[in-house]
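1. Here is the input, now give the coordinates:
(2 chains)
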Amino acid sequence: QQKVQQSPESLSVPEGGMASLNCTSSDRNFQYFWWYRQHSGEGPKALMSIFSDGDKKEGRFTAHLNKASLHVSLHIRDSQPSDSALYFCAASLTGNTGKLIFGLGTTLQVQP
Amino acid sequence: GALVYQYPRRTICKSGTSMRMECQAVGFQATSVAWYRQSPQKTFELIALSTVNSAIKYEQNFTQEKFPISHPNLSFSSMTVLNAYLEDRGLYLCGARGRGAETLYFGSGTRLTVL
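-> Residues are numbered from 1 along each chain as shown, chains lettered A, B, ... in the order given. Okay, the predicted model is just below:
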């Protein structure tokens, strides 16, 4: 069973719109989360981490974690065509381990 | 900032041959290096995790005999794919993390094609 599930599989938003991506861990031991973005032909780039309940904001990106439900979301406001990429949620047992478990990703397309 | 370089970016090898890929951390000391393989379907598989002063830990389905890894210092790691076959195709990613740091930074990967 996939320990980290992401939804939707793909998403299309207009330029300037809000994109919302979801991630859930099926294993209660995985409580530390990261969001990565991968453009075609590149490796995944870390966007942000979130370890505590509530919101964490970095620029246009806001992550929200609910530890009780093991649900984390990523919201991108004022989406730009350059945000079009594959977004991965990754979870870990601890906050400082190299062993990340990745979801299957959400493909985001921002329409100009 | 933390940067991770991988080379070569892409490589083609004949079935049954071996190839070596390298990973360099710049701007930080890579106390922990994780090697992943990303399939053509974009799924990630952790191959092994190397932490300074600890033995390299391989994940199930991956062995040192097939994927020997070297992590000789805090800025460099290499991995070899021995006796490569079609099922070894994919994007091999090196992720490095600094001492006490939380985030794993990835390079651009080495794309392996096996003919």
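2. for the residue nearest to the spatial centre of chain B, what are its contacts?
-> Central residue of chain B (CA atoms, centre = their mean): residue B:35, 3.4 Å from the mean position. Listed by CB atoms under 8 Å, 6 or more residues apart in numbering or on different chains, the contact set of residue B:35 reads B:23, B:46-50, B:67, B:69, B:77, B:79, B:92-95. Quick note: C-beta positions are derived from backbone N, CA and C, even for glycine.
3. What would the one helix or strand it maps to look like as PDB? C-alpha coordinates only.
-> Assigned by DSSP states H and E, residue B:35 falls within strand B:30-38. Extracted C-alpha coordinates of strand B:30-38, given in PDB (Å, rounded to 0.1, in the frame of the first residue of the first chain):
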ATOM      1  CA  ALA B  30      26.700  16.300   3.200                       C
ATOM      2  CA  THR B  31      26.600  14.200   6.400                       C
ATOM      3  CA  SER B  32      23.800  12.100   4.900                       C
ATOM      4  CA  VAL B  33      23.400  11.100   1.300                       C
ATOM      5  CA  ALA B  34      20.400   9.200  -0.100                       C
ATOM      6  CA  TRP B  35      20.400   7.600  -3.500                       C
ATOM      7  CA  TYR B  36      17.000   7.200  -5.200                       C
ATOM      8  CA  ARG B  37      15.800   5.900  -8.500                       C
ATOM      9  CA  GLN B  38      12.900   7.500 -10.200                       C
END
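4. and it, average pLDDT?
-> For strand B:30-38, mean pLDDT is 95.
5. Pull the residues that contact the following helix or strand past it.
-> The helix or strand immediately downstream of strand B:30-38 is strand B:44-51, counting by DSSP H and E. Applying CB under 8 Å, 6+ apart, the contact partners of strand B:44-51 are A:88, A:97-102, B:31-39, B:56-59, B:61-62, B:64, B:67, B:69, B:71, B:77, B:79, B:92-93.
6. List only buried entries from the residues you listed.
-> Buried members of the contacts of strand B:44-51, counted by 16 or more other CB atoms under 10 Å in any protein chain shown: A:88, A:97-102, B:31-38, B:56, B:58-59, B:62, B:67, B:69, B:71, B:77, B:79, B:92-93.
7. Just name the closest of the contacts of residue B:35 to residue A:83, please.
-> Closest approach between these and residue A:83, by CB to CB: residue B:93, at 21.4 Å.
8. Now for the closest one: which residues touch it?
-> A:43-44, B:6, B:35-38, B:44, B:106-107, B:109.
9. ok, now residue B:60?
-> Contacts of residue B:60 by CB under 8 Å, 6+ apart: none found.
10. show me the contacts for the closest residue to residue B:17 other than its chain neighbours.
-> Spatial nearest neighbour of residue B:17, excluding adjacent residues (CB to CB, 6 or more residues apart in numbering or on different chains): residue B:84 at 6.3 Å. By CB under 8 Å, 6+ apart, the residues touching residue B:84 are B:13, B:15-19, B:112, B:114.
11. Just give me the neighbour total for residue B:75.
-> Neighbour count for residue B:75, taken as other CB atoms under 10 Å in any protein chain shown: 14.
12. Many thanks, I have nothing further to ask.
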